[in-house]
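1. Take a look and give me a structure for this.
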Amino acid sequence: MLKLSSQATVIILVVLGLGWASMGHWSSQPHQAVVAMIFAGLVCLVMAIVSLIPIVWAVNRKRQWLGEACFAATGIRMLLTLFGAILVYGLAIEPGQQVVFAFWTVSFYLILLVWETITALRIAKSSYRTAAPVVIGQNEMETS
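-> Below you'll find the model as predicted:
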């Protein structure tokens with residue numbers, strides 16, 4: 001869990017750095033825009049880490065539920081990010097920076113969605129054993 005959280009944090013920090021470098025070019029109030037961008041990154045990062053809980057639980061306790069846990073994690077992240085973004089939007093974002101916050105929330109959400117999907121597929125691939133290939137008609141030839 002710590003390794004996955006660290007990966008998500010590094011992704012957010014890299015994107016924040018890239019966004020910070022370009023912020024002065026497309027915002028009239030760069031300081032407030034950076035604050036909105038940081039809030040968007042924090043909302044998405046916290047919700048992405050929280051959504052890993054069902055996946056880690058399934059890997060450690062019930063591997064047969066891993067598919068359902070991955071589906072649940074995506075739904076949890078979608079709803080928690082929505083509610084967290086609405087809460088932050090209403091309480092902490094300065095007037096005139098709502099568009100910046102919305103843009104960066106969607107950007108961080110999609111970037112972390114790609115990361116979460118790749119992570120879930122890697123976990124699923126390592127958790128399930130591959131079965132021997134079944135040859136159709138093999139049993140019929142052996143019984144004849």
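2. I'd say Phe39 and Glu94 touch.
-> No: between Phe39 and Glu94 there is no contact under Cβ atoms under 8 Å: 10.3 Å. Backbone N, C-alpha and C define where each C-beta goes, glycine included.
3. can you list the weak-confidence ranges in the protein?
-> Per-residue confidence for the chain (pLDDT under 70) gives these ranges: 1-2, 4-5, 7, 16-28, 128-144.
4. Helices along that one, start to end?
-> Ranges of helices within the chain are 2-26, 30-60, 66-91, 98-127, 138-143, based on DSSP state H.
5. So which of Phe39 and Glu94 has more stuff around it?
-> The neighbour comparison of Phe39 against Glu94 (other Cβ atoms under 10 Å) goes to Phe39, with 22 against 14.
6. dump the residue contacts of the more buried one.
-> Residues in contact with Phe39 (Cβ atoms under 8 Å, 6 or more residues apart in numbering) are Val88, Ala92, Ile93, Phe101.
7. and the two most separated of those?
-> Ala92 and Phe101 (8.9 Å; Cβ to Cβ).
8. neighbour-wise, which of those two wins?
-> More neighbours surround Phe101 than the other of Ala92 and Phe101, with 24 against 13 (other Cβ under 10 Å).
9. if I pick the more buried one, what's in contact with it?
-> With Cβ under 8 Å, 6+ apart, Phe101 has these contacts: Ala36, Met37, Phe39, Ala40, Ala85, Val88, Tyr89, Ile93.
10. quick one on the thing from earlier: got CSV for the contacts of Phe39, with distance to Lys62 too?
-> Formatted as CSV, these follow (distance: Cβ to Cβ, whole Å):
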residue, distance to Lys62
Val88, 34
Ala92, 38
Ile93, 40
Phe101, 38
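11. All set, thanks.
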